[in-house]
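Engineer: missing the sequence, but the structure's below:
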C-alpha cells in the first residue's frame with residue numbers, strides 16, 4: 001500500500017465514522033447519544049438491556065465471565081439472556097472504575113453498528129466493481145436498510161446486522177483461510193445468538209455445496225464443523241449461555257413469529273411508540289400472528305432489485321459465477337425456514353404443515369424464524385447493486401445508482417420520520433411515574449427487591465423497570481430474561497408459598513416483596529398479620545418487616561381486609577353474580593380460567609378461605625367441591641384439610657380414581673381449606689411440553705349445601 005492509498009484509506013474511515021455519528025444523532029438525538037443518559041432505556045426490551053448491564057457491572061467477577069446471578073437471584077442468569085451485548089458488557093466492566101454512575105453503552109453500540117455496516121457493505125461492492133464512488137454511494141442502501149432501523153426502536157443488540165455482511169465478505173474472499181471465515185460466526189455469539197444461528201446455517205449450506213462440487217471431502221467437512229463447534233461452545237460457556245439447561249433455551253413460537261410471504265412488499269412497521277407505514281407509494285398490508293418479526297420491506301428500489309435478481313438468475317446471467325449460485329440456494333433455504341410451517345400471505349393462511357413434535361422441538365431454537373430473512377434482504381441489495389453496475393458499466397452507473405438511492409429514500413421517508421431524534425423512545429401513553437415518597441431510596445434500606453409470586457417478565461416488571469434503573473438494589477428477581485430456568489422459577493414459586501404458610505420471617509431480611517395479586521396479599525396478611533408492613537401504592541403492594549415511611553399509619557392509610565363476610569348462597573359459586581365473592585376467597589396456588597368456570601390447582605398446595613360472620617353462619621352448613629383430573633387417564637392422591645384458628649378440624653384423603661366430589665363442614669369465622677397434592681405433574685414430567693408448572697385436579701364447582 002503506497003502513501004496515497006494510506007491517505008485515502010484514512011479519509012474513508014474518517015468519513016465513515018463521521019456519517020455513523022451523524023446518523024446516530026438522527027436516530028437518538030443529541031441527548032440520548034450521551035453515554036451518561038439512560039432516560040430513553042425504559043420501553044420494552046430496552047430496560048432489560050440496561051438493567052442487565054447495571055447489575056452485571058456492580059457485581060464481582062465470576063466464572064463464567066458473563067454470569068449475572070444478582071439479576072434473577074435463584075435463576076442463574078447471565079448477561080447473555082438480557083441481550084445486553086456480552087462483548088460490550090464484559091469490556092466495559094473491565095473499565096468500570098472510570099465509568100460514570102449512570103452509564104449506558106448502547107449509543108456507542110449504535111455508532112459502531114452503523115460504521116461497520118458501512119465498512120463491510122463498501123468492501124463487498126468494491127470487491128466486484130473496483131469503483132470507489134459507486135461503492136460509497138451503495139453504502140447508503142445498507143445504513144438506511146429498513147430491517148436495520150426497525151431494530152433501533154425495538155432490539156438494539158439486533159442492530160449488529162453488520163456481522164452478516166462481514167460473513168458474506170469473508171465468503172466472497174477466496175484467499176481467506178478457514179479460521180478467518182469462521183471468525184464472524186465466533187464473534188456473533190458474543191453479540192446475539194440469532195446471528196449465530198443465521199451464520200451457522202449459511203456455513204453448513206456452503207460446506208455441503210462445496211462437498212457436492214468436490215471441493216472438500218466428507219472428512220474435511222466433519223473436521224471443520226467439529227472445530228467450529230468446539231470453539232463456539234467454549235465461547236458460549238465463557239459468556240454464560242450454559243448457566244441454564246439446553247432445553248430451557250428452547251421456546252414456543254416457531255410458526256408464530258414467522259415471515260409473511262408479503263413482507264418484502266409490505267411497508268407495515270411498528271415500534272414501542274406507534275404503528276406506521278414505511279412507504280410513500282405502497283399501502284400497508286395485512287399480517288398474522290407476530291409476523292412483525294419477519295419485517296423485511298425492501299422499498300420501491302429493493303423490490304426492483306428483487307425482480308432484477310430473479311430475472312438474471314433465470315436468464316443465467318450470473319455475473320458473480322459460482323458464488324451467485326451459492327447465495328441463491330442460501331436465500332431459498334432461509335426463506336423456507338423463515339416462513340416456517342405456517343405459510344401466510346397477508347391475512348390468508350395458504351398452508352399449515354403439522355410438524356412432528358421432535359422436529360418442532362428442534363425448530364424451537366429459532367422460534368422467531370422471521371429474523372432468518374435478514375441475509376436474504378442483504379443478498380437482494382448486494383446483487384441488485386452489482387447487477388446495475390454490470391448492466392450499465394458503460395452508461396454512468398454512478399448516476400443511475402444515485403437516482404435509485406434518491407427514489408428509495410423518498411419511498412421509505414415516512415418510516416424514517418418515526419425514528420428521528422429519538423422519536424421511537426418517546427412514548428406518551430399510560431406509563432405512570434413512580435414519584436411518590438414511598439418509592440424514593442428504597443434501595444438504601446433494602447438490598448433485595450423480590451416478587452411475592454416469582455415469574456419472568458410480569459406486569460410488575462413493566463411497571464417497575466424504569467424505577468429500578470434509578471435505584472441501586474443489589475439483587476432482584478423482578479426480571480425480564482430472554483430464556484430462564486423453567487424448573488427453578490416454578491419450584492421457587494411453590495417454595496415461597498410454603499415459607500409464607502409457615503410464617504417464615506427470615507425471607508424478609510433486607511428484602512422488600514412486591515405483588516399486584518390481592519389474593520396473595522390477603523393470604524400473606526392472614527398468616528403474618530401485624531408482624532409485617534403492607535403498603536399499596538401505584539396499584540402495587542409492598543410488603544416488608546420494617547416500616548418504609550414512619551409517618552405513615554398503616555391502619556389509617558392502608559386498610560387490608562383479607563376476608564369479607566358474605567351471605568351463603570346455595571347456587572354454584574362460579575355463577576356471574578358470585579364471581580367476585582369467589583375471587584375474594586382464593587388463596588395460594590390457583591390458576592383461574594379466563595371464563596372463570598374452572599379453578600386449576602397450581603403446585604403442591606392450594607387454599608381457599610371463607611369468612612362466615614355470626615349473622616350468616618347456618619347450622620349443619622357444608623361446602624361441596626366437584627372436581628376432575630387435569631390430565632386424562634392420570635389420577636391423583638390429595639388431602640382436603642379444614643383449618644380454623646390454626647387447628648385442624650377435618651382431613652379428607654381422596655383418590656381421584658374413586659371420587660369426583662367431596663364435602664367439608666363450615667364453621668363460624670374464617671374457614672381455611674387447603675388442598676395438598678402428593679405428586680402433581682407437569683407437561684415436562686410427561687414429556688409432552690416444556691412447562692414445569694405442576695397440575696393435578698380442576699375444581700368444576702363449589703357450592704354450599706345443608
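Structural biologist: Received it, and whenever you're ready, just let me know what you need. Please read these numbers as outputs of a predicted model, since none were measured by experiment.
Engineer: Could you report the neighbour count for residue 645?
Structural biologist: Counted with other Cβ atoms under 10 Å, residues neighbouring residue 645 total 9. For the C-beta atoms, the positions are set from N, CA and C on the backbone; glycine is no exception.
Engineer: shouldn't it be in contact with residue 669?
Structural biologist: Yes - using Cβ atoms under 8 Å, residue 645 is in contact with residue 669, at 7.2 Å.
Engineer: Need the phi and psi values for residue 216.
Structural biologist: Dihedral pair for residue 216: phi -140, psi 160, per degrees, to the nearest 10.
Engineer: what about it, distance to residue 225?
Structural biologist: Using Cβ to Cβ, to the nearest Å, residue 216 is found at 11 Å from residue 225.
Engineer: ditto for residue 623
Structural biologist: Separation of residue 623 from residue 225 (Cβ to Cβ): 63 Å.
Engineer: go on, residue 379?
Structural biologist: Relative to residue 225, and taking Cβ to Cβ, residue 379 is found at 23 Å.
Engineer: And for residue 357?
Structural biologist: 26 Å.
Engineer: Please identify which of the two sits among more neighbours.
Structural biologist: residue 225 (14 against 11).
Engineer: Next up, the contacts around residue 251.
Structural biologist: Contact analysis of residue 251 by Cβ atoms under 8 Å, 6 or more residues apart in numbering lists 364, 367, 483, 690.
Engineer: mind putting those in CSV, pLDDT, secondary structure and distance to residue 393 included?
Structural biologist: Shown next, in CSV, are the contacts of residue 251 (pLDDT from 0 to 100; DSSP: H, G, I helix; E, B strand; the rest coil; distance: Cβ to Cβ, whole Å):
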residue, pLDDT, secondary structure, distance to residue 393
364, 81, helix, 47
367, 87, coil, 44
483, 88, coil, 50
690, 84, coil, 55
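Engineer: Check those against residue 527 and report the nearest one.
Structural biologist: Distance to residue 527 across the contacts of residue 251 (Cβ to Cβ) is lowest for residue 690, with 32.6 Å.
Engineer: for that closest one, what are its contacts?
Structural biologist: Contacts for residue 690 (Cβ under 8 Å, 6+ apart) come out as 247, 248, 250, 251, 252, 364, 486, 683, 684.
Engineer: Let me see the ranges of the strands in the stretch 501-650 of the chain.
Structural biologist: Ranges of strands in the stretch 501-650 of the chain, per DSSP state E, counting those that start in this stretch, are 511-515, 533-537, 540-544, 590-592, 599-602, 605-612, 622-629, 637-644, 647-655.
Engineer: Can you add mean neighbour count, mean pLDDT and distance to residue 20 and give those strands back as JSON lines?
Structural biologist: Compiled in JSON lines, these are given as follows (neighbours: other Cβ atoms under 10 Å; pLDDT from 0 to 100; distance: least, Cβ to Cβ, whole Å):
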{"stretch": "strand 511-515", "mean neighbour count": "21", "mean pLDDT": "95", "distance to residue 20": "41"}
{"stretch": "strand 533-537", "mean neighbour count": "18", "mean pLDDT": "85", "distance to residue 20": "44"}
{"stretch": "strand 540-544", "mean neighbour count": "20", "mean pLDDT": "91", "distance to residue 20": "41"}
{"stretch": "strand 590-592", "mean neighbour count": "16", "mean pLDDT": "84", "distance to residue 20": "50"}
{"stretch": "strand 599-602", "mean neighbour count": "22", "mean pLDDT": "90", "distance to residue 20": "51"}
{"stretch": "strand 605-612", "mean neighbour count": "22", "mean pLDDT": "83", "distance to residue 20": "57"}
{"stretch": "strand 622-629", "mean neighbour count": "18", "mean pLDDT": "87", "distance to residue 20": "61"}
{"stretch": "strand 637-644", "mean neighbour count": "17", "mean pLDDT": "92", "distance to residue 20": "63"}
{"stretch": "strand 647-655", "mean neighbour count": "13", "mean pLDDT": "91", "distance to residue 20": "68"}
